[in-house]
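1. Coordinates for the following, if possible.
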Amino acid sequence: MLRVLVMVSGGGTNLQAILDSVQSGEITDTEIVGVISNNPGAYALERAEHAGVSAACISPKSYASRAEFNQEFLKAIDSYEPDLIVLAGFLVVIPPEMIQKYRNRIINIHPSLIPSFCGTGFYGLKVHEAALARGVKVVGATVHFVDEGTDTGPIILQKAVEVQNGDTPEVLQRRVMEQAEWKILPRAIDLIAHGKVSVTGGKAIVSED
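-> Below you'll find the predicted structure:
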C-alpha cells in the first residue's frame with residue numbers, strides 16, 4: 001500500500017482529484033495519509049477533513065527563521081512515514097534536505113508542457129498568462145519528480161491541451177486542470193503505486209503494460 005502525503009497551498013482541486021480517484025478505484029493500492037498546507041486558510045485543509053484525512057498547517061510565518069521552519073517541516077513530513085510526497089500547488093521552496101531524503105519520491109504537477117513556461121516565477125495563473133501572451137496553440141500539464149532545480153526533475157507524464165480563440169488566462173487554466181492536471185496526476189500516482197515508474201540516467205521510465 002503506497003502511503004501518499006499531499007502538500008498544497010490553495011484550494012486543492014488537484015487534491016480533490018486524487019481523493020476522488022482513490023475513492024473511485026482509479027488509483028489503487030494507495031492510501032492518502034495526510035495533507036500539509038503552509039496556508040491556514042487553504043480550502044484544501046477542509047477538503048482533507050471532509051475526506052477523513054489528517055490535515056496540518058505548517059507556515060514559515062510561524063517560525064523565527066527559515067532554518068527553524070525547515071526543521072519542523074521535515075519533522076511533520078517524517079511523522080506521516082510517506083512513500084510518496086505529492087506537491088499539488090505547493091508554493092513553498094522545498095528544503096534541500098527533504099529532496100535528498102526523499103529522492104525520486106516527491107512529484108509535482110505543473111500547468112505547462114515542460115520545458116515551456118516553467119521555472120522561477122511560473123506558477124498558477126502566471127503560466128497561462130505567459131502562454132497566451134506568446135500565442136502558443138498547444139499548452140498542457142506535466143507531472144515530474146522534484147529535484148534541486150525549479151521544474152527540472154525527470155518528467156513522468158505530460159498531456160497536451162489546445163488553446164482556443166478568445167481564451168482568457170482563467171478559462172485556459174480551468175481547461176488545463178480539467179483535461180490534463182486532474183487526469184495525469186492521479187495516473188502518475190497509480191503507476192508509482194504499482195512500481196511502473198523508475199528513474200535511469202536522469203529520465204523517468206514509465207511502463208504502462
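2. So which bits of stretch 95-111 are buried?
-> 95, 98-99, 102, 104, 106-111 (16 or more other Cβ atoms under 10 Å). Using the backbone N, CA and C atoms, a C-beta is placed for each residue, glycine as well.
3. Next, give me the two most distant ones among these.
-> 95 and 111 (23.7 Å; Cβ to Cβ).
4. Please produce a markdown table containing the buried residues of stretch 95-111, extended by distance to residue 71.
-> Below are those laid out as a markdown table (distance: Cβ to Cβ, whole Å):
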| residue | distance to residue 71 |
| --- | --- |
| 95 | 9 |
| 98 | 11 |
| 99 | 15 |
| 102 | 16 |
| 104 | 23 |
| 106 | 18 |
| 107 | 23 |
| 108 | 22 |
| 109 | 27 |
| 110 | 27 |
| 111 | 31 |
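5. Is it possible to get these out as CSV so that each row also shows distance to residue 151 and secondary structure?
-> Shown next, in CSV, are those (distance: Cβ to Cβ, whole Å; DSSP: H, G, I helix; E, B strand; the rest coil):
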residue, distance to residue 151, secondary structure
95, 17, coil
98, 17, helix
99, 13, helix
102, 17, coil
104, 16, coil
106, 13, strand
107, 12, strand
108, 7, strand
109, 11, strand
110, 5, strand
111, 11, coil
